[in-house]
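>>> here you go, sequence then predicted model.
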Amino acid sequence: MNILMIEDNHSVCEMMAMFFKKNQWQYEFAYDGVAGEKKFADQPDKWDIILLDLNLPKKDGMQVAADIRRISPTVPLIMLTARDTESDQVLGLEIGADDYVTKPFSPITLVARIKALHRRSQLGQLKQQQQQADSGFDVQTDHFKMNTKTREVYLYDQPVSDLTPKEFDLLKTLASKPRQVFTRSQLLQLVWDYEYYGDERTVDAHIKKLRQKLEDIGPQVIKTVWGVGYKFDDEGE
């Protein structure tokens, strides 16, 4: 496993280095938000787990997390912070953290969380690869499947047709990370591209049209998370 730990407390890093070595994991440290984000952005496919402190110099951990998620919606991310209020935890999870550990923490507990998250991530990748091999669809959830090469889309086993290119890309972005909440700003950058600085109501207008096409087929799978943004969720439908 290859771990990137973005943490400004050198003592915490030194302590965790001993446990990383014991487990024979590769690791690197970054001691501020700007350096950590650059390390990840330079080699996003290198890292198996990101450990991210929220209280960082130069760039706040919440913003670093959001930027990491724009680069990779799927890299496993554990947030580390002394902030223990429920609102901070919820915000961290909504931005895209997979787990949340408050300080002070036990290194043994953190190692166990890392192993569990890595195991879940690997199982998810294997399941997705198997689904792709079996069906040719490279985005699949409980009731949804999409072939991004042929641009075929099925919801509840019924074809979804007449999607515009932007509607297709928007649906792909949401469905590729089921139940993850995306802000309007994130969707603008992911779907319209990073340099696009349009009105965020553009996202709302496209979501509305996309929902209208999906509602003709079955229960709505694009859910609004009030005050935050949108998510794709067809679990239990």
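Cool, the structure landed. Residues are numbered from 1 along each chain as shown.

>>> pretty sure Arg70 belongs to a helix, no?
Yes. Arg70 forms part of a helix when assessed by DSSP: H, G, I helix; E, B strand; the rest coil.

>>> any idea how far the closest residue in space to it that isn't next to it in sequence lies from Leu56?
Counting by CB to CB, 6 or more residues apart in numbering, Gln189 is the residue found nearest to Arg70 once chain neighbours are left out, at 5.6 Å. Quick note: C-beta positions are derived from backbone N, CA and C, even for glycine. Noted for Gln189: a distance of 21 Å to Leu56, by CB to CB, to the nearest Å.

>>> look at these two and report which has more neighbours.
Ranked by neighbour count (other CB atoms under 10 Å), Gln189 and Leu56 place Leu56 first, with 24 against 18.

>>> Three-state assignment for that one, please.
The three-state assignment at Leu56 reads coil, by three-state DSSP.

>>> lowest-pLDDT helix or strand in this protein?
Ranked by mean pLDDT, DSSP states H and E, the helix or strand of the chain with the weakest confidence is helix 86-95, at a mean of 63.

>>> and the pLDDT for the residue nearest the centre of the chain?
In the chain, the C-alpha nearest the mean C-alpha coordinate belongs to Pro73, at 3.5 Å (CA atoms, centre = their mean). Pro73 carries a pLDDT value of 79.

>>> just to confirm, which helix or strand has the residue nearest to Trp47 when sequence neighbours are not counted in it?
With sequence-adjacent residues excluded and distances taken as CB to CB, 6+ apart, Trp47 is closest to Leu4, at 4.8 Å. In the assignment (DSSP states H and E), Leu4 maps to strand 2-6.

>>> other SSEs contacting that strand?
Applying 3 or more CB pairs under 8 Å, 6 or more residues apart in numbering; DSSP states H and E, one finds that strand 2-6 contacts helix 10-22, strand 26-30, helix 33-42, strand 49-53.

>>> list of residues touching the last one?
Okay, so that is strand 49-53. Contact with strand 49-53 is made by 1-9, 16, 36, 40, 61, 64-65, 68, 75-81, 97, 110, 114, 117-118, as judged by CB atoms under 8 Å, 6 or more residues apart in numbering.

>>> can I get that strand in PDB, CA atoms only?
Once non-C-alpha atoms are left out, strand 49-53 reads as follows in PDB (Å, rounded to 0.1, in the frame of the first residue of the first chain):
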ATOM      1  CA  ILE A  49      -4.900   5.900   0.700                       C
ATOM      2  CA  ILE A  50      -4.900   9.700   1.600                       C
ATOM      3  CA  LEU A  51      -4.700  10.700   5.300                       C
ATOM      4  CA  LEU A  52      -5.700  14.400   5.500                       C
ATOM      5  CA  ASP A  53      -5.600  16.700   8.500                       C
END
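
>>> and it, average pLDDT?
Rounded mean pLDDT across strand 49-53 is 92.

>>> parallel or antiparallel, list what pairs with that strand.
strand 2-6 (parallel), strand 77-81 (parallel) (DSSP bridges).
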